[in-house]
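just coords:
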């Protein structure tokens with residue numbers, strides 16, 4: 001069952017992960033427990049045989065996380081309070097703490113794919 005709760009951003013990382021893909025994570029603290037939000041393949045290097053990723057998924061993900069958290073720099077995410085729509089195995093969306101502004105990467109990336117007919121990024125591993 002999907003629930004909504006508040007969370008504090010404990011940390012945020014952007015990295016070239018172990019598979020050679022660009023990904024970003026926002027680590028959330030619920031006050032006694034925590035969970036990760038992210039893990040999408042945001043960019044596939046040109047040497048990937050199926051690298052036809054023309055949409056800017058990385059830019060969209062980074063922009064929306066910062067917008068929802070109300071910051072102008074990635075480094076200022078730590079300590080910000082946000083809302084999350086989550087269940088035990090997955091954070092589905094993050095939202096502004098006061099405004100009705102939610103970021104659901106799965107829905108956004110599917111819409112971007114439909115508009116541009118390019119493959120959506122892998123959404124495996126979005127939990128922590």
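Structure received. These figures come from a predicted structure and were not determined experimentally.

how close does the most centrally placed residue in the chain get to residue 22?
With distances taken as Cα atoms, centre = their mean, residue 38 lies nearest the centre of the chain, 3.8 Å away. Residue 38 sits 11 Å away from residue 22 when distances are taken as Cβ to Cβ, to the nearest Å. The way it works is simple: take the backbone N, C-alpha and C, and place the C-beta from them, glycine included.

where do the strands sit along the chain?
For the chain, strands defined by DSSP state E occupy the ranges 3-16, 22-29, 34-38, 81-87, 90-95, 102-103.

so which of those strands gets nearest residue 111?
Among the strands of the chain, strand 102-103 comes nearest to residue 111, with 12.2 Å by Cβ to Cβ.

which residues does the closest one contact?
With Cβ atoms under 8 Å, 6 or more residues apart in numbering as the test, strand 102-103 has contacts from 64-65, 67-68, 85, 93-96.

got the strands of the chain as TSV, with mean pLDDT columns?
As requested, these are exported to TSV (pLDDT from 0 to 100):
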stretch	mean pLDDT
strand 3-16	94
strand 22-29	94
strand 34-38	95
strand 81-87	96
strand 90-95	96
strand 102-103	98
